[in-house]
Each structure stands twice: as C-alpha cells, then as structure tokens.
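> give me the fold of what follows.
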Amino acid sequence: MDGSMYLAYDYPVLGAFWTMLWIFLWVLWFVVLFRVIVDIFRDDTMSGWAKAGWLVLVIVLPLVGVLVYVLARGKGMGRRETEHVRAQQKAFDTYVRETARGTGGTSEVEELAKLSEIRAKGDITDEEFRRAKEKILH
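Residues are numbered from 1 along each chain as shown. Got it, this is the predicted structure:
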C-alpha cells in the first residue's frame with residue numbers, strides 16, 4: 001500500500017494535542033491583540049498622538065507592545081469595558097421599552113380610562129387597580 005494512506009497512523013495523539021494547543025494559543029493571541037487595539041481606540045482620556053504611539057508599538061512589536069499596554073493600562077481597560085457594556089445594556093433597555101410601547105401607543109390618560117373601565121366591570125380589585133395605576137404613572 002501507499003504510505004500516504006497510513007498518514008493517520010503516522011500522526012501520534014500527542015502530536016495532535018500539541019497542534020490543537022498551538023492553534024488555541026494563536027487564537028487567544030489574536031483575541032488579546034484585538035482587545036488591546038479596540039481599547040486604544042475606545043479610551044477617551046488619551047490624545048490622538050498617544051493613541052497613535054500605542055498603536056504603532058502594538059503593531060510593530062506586538063508581543064512587547066501588548067504586554068506593556070496591559071501592564072500600564074490594564075485596570076483602565078477593564079473599567080472601560082465595563083462602562084461600554086453598561087452603555088450597551090442601557091441602550092438596549094431603552095430600545096426595548098420604546099419598541100414595547102409602540103409607535104402608536106396609547107397615552108397615560110387612555111390607559112387609565114381603560115383601567116377604570118375594567119375596575120368598574122369588577123374584573124380587578126381596588127388594590128390591583130391601585131398597583132396598575134402606579135405602574136402607568138411611573
């Protein structure tokens with residue numbers, strides 16, 4: 001038989017492990033590199049020249065640049081990421097509220113009138129009416 005047919009037998013399990021480990025480390029390296037580059041652009045406290053300097057350092061000497069950046073500005077990096085996530089969550093919550101309300105939504109007065117009709121029919125108690133009214137007004 002041809003030697004190329006037995007290729008799987010020539011590749012030991014430990015070799016496959018090392019290959020997967022190196023691939024994982026390369027992917028991890030690119031994730032860290034791009035996180036640092038994104039953080040450089042996200043930081044509002046740095047001037048344009050400082051951003052350009054950090055970017056040149058990270059691109060020209062990636063290993064040294066990323067290591068120095070994380071050591072020098074790592075705490076701020078986490079804070080900026082947290083602020084960014086909070087801003088995204090706030091924007092999403094605002095979007096959901098506006099969408100749930102709808103463009104042709106009813107006004108508070110209309111909602112209170114409907115609520116009063118429901119209470120007058122006896123479908124809800126006075127306590128339920130009071131809680132629903134508080135939700136509408138707040």
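> chain center to the longest helix anywhere in the chain: distance?
Taking DSSP state H as the criterion, the chain has its longest helix at helix 62-101. Computed by C-alpha atoms, centre = their mean, to the nearest Å, the chain-centroid distance of helix 62-101 equals 7 Å.
> tell me which residue is most central in the chain.
Nearest residue to the geometric centre of the chain (C-alpha atoms, centre = their mean): Val85, 5.2 Å.
> any idea how far that residue is from Glu98?
20 Å (C-beta to C-beta, to the nearest Å). Placement of C-beta: from N, CA and C, glycine included.
> output the below-cut-off pLDDT ranges for the protein.
Counting by pLDDT under 70, the chain has low-confidence residues at 1-10, 102-106.
> tell me how it divides into domains.
Taking automatic domain parsing as the criterion, the chain consists of the domains 1-76, 105-138.
> out of the ones you listed, the one nearest Ala91 is which?
Taking C-beta to C-beta, domain 1-76 is the member of the domains of the chain nearest to Ala91, at 15.7 Å.
> thinking again about what came up before, what comes into contact with the very next helix or strand once past the longest helix of the chain?
Sequence-wise, the next helix or strand downstream of helix 62-101 (DSSP states H and E) is helix 108-121. Under the contact criterion C-beta atoms under 8 Å, 6 or more residues apart in numbering, helix 108-121 has outside partners 106, 124, 126, 129, 132-133, 136-137.
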